[in-house]
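Undergrad: coords please:
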Amino acid sequence: MNGIAFTGLRRYRPAMTANWATGDKCELPATANHWLCDEPQPGLVLVEFVDANGRPHCLVDKSAIFGADLLPTSTYPRPTYIQCSIEEINGDIATVSPWWTTSRAGIPFLFDVRVEVLVPRTTG
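TA: Residues are numbered from 1 along each chain as shown. Coordinates of the predicted model:
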């Protein structure tokens, strides 16, 4: 059926790979693994993802930064995402930086991830 599946009377077309460019905003799927503490408000959460080389990375920040409904009473681990900007694309690898954080020296954090895991930004 040429990549189209039918569910009831609605047609569903599988997502197409986005045509990404340097400077595009995207979401990097991740896993919220632990609620760390309630202060500072709205609370801190530990989020993990794996880069293009299979290395795990952990980020800690306020729960609202990660865009999912992360609460102290939520069941963990749970899926979430990290809002990023694409800094560079080299074949099937994108270098991304979280748009909301930098190092203490003001240098952006950079991560190489597979282009195929990125999704278009759906919020703000």
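
Undergrad: name the element the residue nearest the centre of the chain belongs to?
TA: Against the mean C-alpha coordinate of the chain, by C-alpha atoms, centre = their mean, the closest residue is Leu28 at 2.2 Å. Secondary structure from DSSP states H and E places Leu28 in strand 25-37.

Undergrad: partner strands of that strand and their direction?
TA: strand 44-50 (antiparallel), strand 78-90 (antiparallel), strand 119-120 (antiparallel) (DSSP bridges).

Undergrad: I'd assumed Thr80 was in contact with the residue nearest to the centre of the chain.
TA: No - with contact defined as C-beta atoms under 8 Å, Leu28 does not count as touching Thr80 (9.8 Å). Placement of C-beta: from N, CA and C, glycine included.

Undergrad: now stretch 54-73: buried residues?
TA: 59, 61, 63, 65-68, 70 (16 or more other C-beta atoms under 10 Å).

Undergrad: correction: stretch 19-36
TA: 24, 26-28, 30-32, 35.

Undergrad: how much space separates Ile86 from Leu36?
TA: 29 Å (C-beta to C-beta, to the nearest Å).

Undergrad: for this protein, what helix or strand is lowest in average pLDDT?
TA: strand 10-12 (a mean of 32; mean pLDDT, DSSP states H and E).

Undergrad: Leu110: which of the buried residues of stretch 19-36 is nearest?
TA: Using C-beta to C-beta, Leu28 is the member of the buried residues of stretch 19-36 that lies nearest Leu110, at 12.2 Å.

Undergrad: and Ser63, its phi and psi?
TA: Dihedral angles of Ser63 (phi, psi; degrees, to the nearest 10) stand at phi -60, psi -40.
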